[in-house]
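Peer 1: Need a 3D model of the sequence below.
(chains A and B)
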Amino acid sequence: AQSVSQHNHHVILSEAASLELGCNYSYGGTVNLFWYVQYPGQHLQLLLKYFSGDPLVKGIKGFEAEFIKSKFSFNLRKPSVQWSDTAEYFCAVEGSQGNLIFGKGTKLSVKP
Amino acid sequence: EADIYQTPRYLVIGTGKKITLECSQTMGHDKMYWYQQDPGMELHLIHYSYGVNSTEKGDLSSESTVSRIRTEHFPLTLESARPSHTSQYLCASSDKEGYGQYFGPGTRLTVT
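Peer 2: Residues are numbered from 1 along each chain as shown, chains lettered A, B, ... in the order given. Sure thing, here's the model as predicted:
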């Protein structure tokens, strides 16, 4: 069965620091990968997605992620975080039923 | 405006009550999903539908049932609520594989 691992449960950064959140998936075939963000009190929103082509994908709000097939990884990055990036971030892979298989999420706290 | 709605947002009920969690989307998506989310845990798929009159159980065993009589509506019913059903329930929809899913705001259910 497919699974997704997010290595960091809670990350605390100061504003302007660089961010990298780890994500590894288990499936070795063709994958569609996603990062979702959940701001406090809001619903899950799609941040970016990869399903083919350039392994470096750019999303909203300055986020990007790199798909490295050999490492089964899809890490999320942002060069300089802002206080408004405080949220929970979920990595997901698309399952065989078209559903999403999520990691446990990483809480990001950005200190002003 | 295209969106996905869930009602109620919060619900506290007693053990043994029958409840229905509503989910509606205005995007005309064929695929709809119900996930269960507990704090600090992954989202787990409990039901999905590929279209009208199509419903399937997901990976997580659930005592709930769903129906899909109209494209836009995908309600989830608990015939007899128990404290173990206390959780957040998220509804999502999508139109194509690889393009991600749109999530509703969720229903936070507490069974006393």
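Peer 1: From B:Gln25, how far off is the closest residue in space to B:Asn53 that isn't next to it in sequence?
Peer 2: Using C-beta to C-beta, 6 or more residues apart in numbering or on different chains and skipping residues adjacent in sequence, the residue nearest B:Asn53 is B:Arg68, 6.3 Å away. Heads up, the C-betas are built off the backbone N, CA and C, glycines and all. Distance of B:Arg68 to B:Gln25, given as C-beta to C-beta, to the nearest Å: 12 Å.
Peer 1: just A:Tyr27 next, same as before
Peer 2: Per C-beta to C-beta, A:Tyr27 is found 28 Å from B:Gln25.
Peer 1: picking up where we left off before, residue contacts, the residue nearest to B:Asn53?
Peer 2: Contacts for B:Arg68 (C-beta atoms under 8 Å, 6 or more residues apart in numbering or on different chains) come out as B:Met32, B:Ser49, B:Gly51, B:Val52, B:Asn53, B:Ser54, B:Thr55, B:Phe74.
Peer 1: between those, which is nearest B:Val12?
Peer 2: Relative to B:Val12, the closest of those is B:Phe74; by C-beta to C-beta it sits at 23.0 Å.
Peer 1: Quick check: phi and psi at the nearest residue to the closest one once chain neighbours are set aside.
Peer 2: Once flanking residues are discounted, B:Phe74 sits nearest to B:Met32: 4.2 Å by C-beta to C-beta, 6+ apart. As for B:Met32, its main-chain torsions (degrees, to the nearest 10) stand at phi -140, psi 150.
Peer 1: what's the burial count for B:Met32?
Peer 2: Using other C-beta atoms under 10 Å in any protein chain shown, B:Met32 is surrounded by 28 other residues.
Peer 1: Please apply the same query to the one 5 residues further on.
Peer 2: Neighbours of B:Gln37 under the rule other C-beta under 10 Å: 20.
Peer 1: same question, B:Ser80
Peer 2: Residues near B:Ser80, counting by other C-beta under 10 Å: 12.
Peer 1: tell me the pLDDT at the closest residue to it other than its chain neighbours?
Peer 2: Distances taken as C-beta to C-beta, 6+ apart put B:Gly16 closest to B:Ser80, at 5.4 Å, once the chain neighbours are dropped. On pLDDT, B:Gly16 comes in at 96.
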